[in-house]
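K.L.:
the following comprises the amino acid sequence and a computationally predicted model.
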Amino acid sequence: MNTAKEALESISLAIIGSGGAGAMTAGGILLEAAGKSGWHGMMNRSVGPQIRGGEAAALLRFANHPVACMSENYDLLIAIDWKNANRFAAEMPLKSDGLIIADPSAGDVPVEVSGSGATIVEIPIKELASSIPGGRENMIATGIAAGFTGLSVDHLMEVIAASLASKGEKAITASRACVELGMEYAAKQQRTFTISHPRKLESGRWLITGNEAIGLGAIRGGVRFAAAYPITPATEVLEWLAPSLAEVGGALLQAEDELASINMAIGASYGGLPSITATSGPGLSLMLESLGLATAAEVPIVVVDVMRVGPSTGIATKSEQSDLNIAVYGMHGDAPHVVVAPLTVADCLYSAQWAVHLAEAMQVPVVVLSDQSLGQARVLMEKPANLAFFAKRKVWDDAGEQPYMRYAITADGVSPMALPGTAGGQYTADGLTHSPRGTPSTRSVDQESQMQKRHDKVANFNYGSHWGLIEGDGDTVILTWGSITGPAREAIRTLAAEGINVKLVAMRLILPFPLEDLMASLEGAERILVVEQNHTGQFFRHVKSHTDLPGEVRQFHRPGPHLIGAAEISRHIRDWVKS
């Protein structure tokens with residue numbers, strides 16, 4: 001039996017191996033079993049950009065409280081093999097008192113890993129798997145992880161049976177035997193970890209990724225058509241939407257490229273179906289002209305950008321917040337539109353549904369800026385409440401004002417949209433400057449009035465309190481956006497325990513800029529730390545283009561793929577306050 005048990009509020013572990021070794025399968029099984037054991041948790045993945053092979057790591061965190069971000073340092077690393085481990089070792093630094101589980105047959109532990117000072121424990125993973133007919137090394141690793149973390153054996157076996165049901169009873173039996181053997185070897189060690197006082201999740205808990213949550217939010221908001229071209233790391237949005245749309249009478253069409261996909265979505269929306277497409281940075285670049293078309297023609301559409309490291313191909317499988325500039329300023333001409341950014345995996349559902357609501361209510365394109373660290377993260381979370389965001393498009397019928405003026409100047413800037421085939425509702429929908437009737441025009445009065453109409457409907461819309469998240473209190477403020485919200489929330493909790501009170505202001509609404517709401521939230525601020533994951537501080541520059549921030553302002557930003565963590569944010573604040 002283990003003689004040293006560490007009761008922790010959270011445990012972080014990584015299972016690594018070459019592509020195809022099964023690290024992701026092992027991580028998924030462990031996360032689901034953790035949920036059944038009453039723990040909270042999160043899993044992200046670190047993989048290379050190769051289509052096949054390369055490196056792969058399942059990064060997991062289990063906790064007795066809701067988890068919004070990964071840890072910066074890991075308690076446990078289990079290596080199925082060391083192939084290409086040097087490529088991502090910096091993303092999973094080990095604690096000096098952590099453990100490294102290494103198979104001696106896999107060779108020496110790379111210095112990038114052993115340099116942490118963590119204790120190396122040798123377990124013959126490959127040999128153990130070979131001793132069981134049909135045994136797999138990743139299932140041995142699963143058992144080792146369960147043994148070191150104290151996961152319930154019953155829950156683990158239940159998840160294995162469900163996960164491998166399609167592979168047959170022999171595969172399930174072999175996997176269970178491997179897990180038991182891995183746990184047995186873990187039990188021989190002199191140390192283990194366990195979650196202290198786990199708080200049971202509600203029975204309605206969910207296990208969901210950010211990309212899946214975006215798809216669900218879109219459907220809840222009324223989306224019934226999607227067109228997209230697969231691209232990492234946004235493809236899972238489409239994979240989830242394809243069967244899910246069919247269940248509600250909708251459809252997904254895989255297009256030949258990003259240009260076709262956005263124009264198909266615009267066409268479907270013109271035909272009356274709330275529509276969406278999903279892409280990443282390179283695809284968004286290609287879609288900009290069509291976003292301008294949707295703006296000018298006043299066709300509602302949602303475009304999801306799951307950001308990755310850029311520019312160009314960059315690192316397709318890693319996260320970065322570097323598409324803010326192109327999402328906000330990328331279109332030519334003055335093109336009023338909306339940009340929103342989910343704050344957490346759970347908020348991906350909220351923000352996506354809100355985005356559909358905004359698009360349909362104002363007849364505008366809405367860009368949703370997620371990123372890889374949100375989109376491909378899988379979390380255990382409590383079932384969210386149903387949201388009230390469900391705008392019905394303002395539609396014209398033949399009982400309306402005659403003759404039909406598609407782009408009539410109205411009090412709120414939104415003019416009724418006739419569906420194709422409506423008697424008397426014919427109009428031209430294109431990107432040309434037009435009159436209120438929709439007739440192409442070169443008259444300055446039409447250009448000016450239609451431009452003002454499009455501006456006013458976006459600027460004057462009531463976004464309510466949904467513009468952002470405010471937590472904590474104090475004259476020191478962390479100002480951020482998007483996925484940095486998770487580590488920032490953890491940082492303010494850590495600092496509060498040290499007696500340092502910090503307020504978090506996280507912006508969900510990026511465009512139009514919520515100036516009055518932001519300034520009200522920053523009232524009394526003496527220190528503001530602006531945090532973001534890109535090289536040039538795009539968010540800070542966006543904020544500064546609208547206002548001067550109060551008090552002393554500092555920036556903390558860097559590009560991906562090394563994610564900004566809670567401890568780093570805490571350290572910046574702590575050093576600043578105490579200086």
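P.N.:
Perfect, thanks for sending it. Computed from a predicted structure; not experimentally measured.

K.L.:
how many other residues sit next to the spatially closest residue to L273 that is not a sequence neighbour?
P.N.:
Closest residue in space to L273, ignoring its immediate chain neighbours: F225 at 4.4 Å, by C-beta to C-beta, 6 or more residues apart in numbering. Where C-beta positions appear, they are placed from N, C-alpha and C, glycine not excepted. By the criterion of other C-beta atoms under 10 Å, F225 has 22 neighbours.

K.L.:
those strands in the stretch 151-300 of the chain, which residues are they?
P.N.:
192-195, 206-209, 225-228, 251-254, 275-279 (DSSP state E, counting those that start in this stretch).

K.L.:
single out the most deeply packed of those.
P.N.:
Among the strands of the stretch 151-300 of the chain, the stretch with the highest mean neighbour count (mean count of other C-beta atoms under 10 Å) is strand 275-279, at a mean of 30.

K.L.:
how about the residue positioned nearest the centre of the chain, secondary structure?
P.N.:
Nearest residue to the geometric centre of the chain (C-alpha atoms, centre = their mean): L374, 2.0 Å. The assignment at L374 comes out as helix when based on DSSP: H, G, I helix; E, B strand; the rest coil.

K.L.:
list the contacts of it.
P.N.:
210, 306, 319, 342, 344-345, 348, 482-483 (C-beta atoms under 8 Å, 6 or more residues apart in numbering).

K.L.:
show me how the record splits the chain into domains.
P.N.:
Domain ranges of the chain: 5-195, 206-381, 394-461, 467-578, per automatic domain parsing.

K.L.:
any chance of TSV for those domains, columns distance to A388 and mean pLDDT?
P.N.:
Putting the domains of the chain into TSV (distance: least, C-beta to C-beta, whole Å; pLDDT from 0 to 100) gives the following:
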stretch	distance to A388	mean pLDDT
domain 5-195	23	90
domain 206-381	9	97
domain 394-461	16	94
domain 467-578	16	97
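
K.L.:
most tightly surrounded among those?
P.N.:
With neighbours taken as mean count of other C-beta under 10 Å, the domains of the chain reach their highest mean count in domain 206-381, at a mean of 23.

K.L.:
mind checking how far the closest residue to T428 other than its chain neighbours is from D397?
P.N.:
What sits nearest to T428 in space, not counting adjacent residues and going by C-beta to C-beta, 6+ apart, is G438, at 4.8 Å. Taking C-beta to C-beta, to the nearest Å as the measure, G438 falls 17 Å from D397.

K.L.:
can you check Q50 too?
P.N.:
Q50 sits 54 Å away from D397, going by C-beta to C-beta.

K.L.:
what's the separation between E568 and D75?
P.N.:
E568 is 18 Å from D75, by C-beta to C-beta.

K.L.:
for the nearest residue to the residue nearest to the centre of the chain once chain neighbours are set aside, which residues are in contact?
P.N.:
Residue nearest to L374 in three dimensions, not counting chain neighbours: G210, with 3.9 Å by C-beta to C-beta, 6+ apart. Contact partners of G210, counting by C-beta under 8 Å, 6+ apart, are 342, 345, 348, 370, 374-377.

K.L.:
shouldn't L504 be within a strand?
P.N.:
Yes - remark: L504 belongs to a strand, assigned using three-state DSSP.
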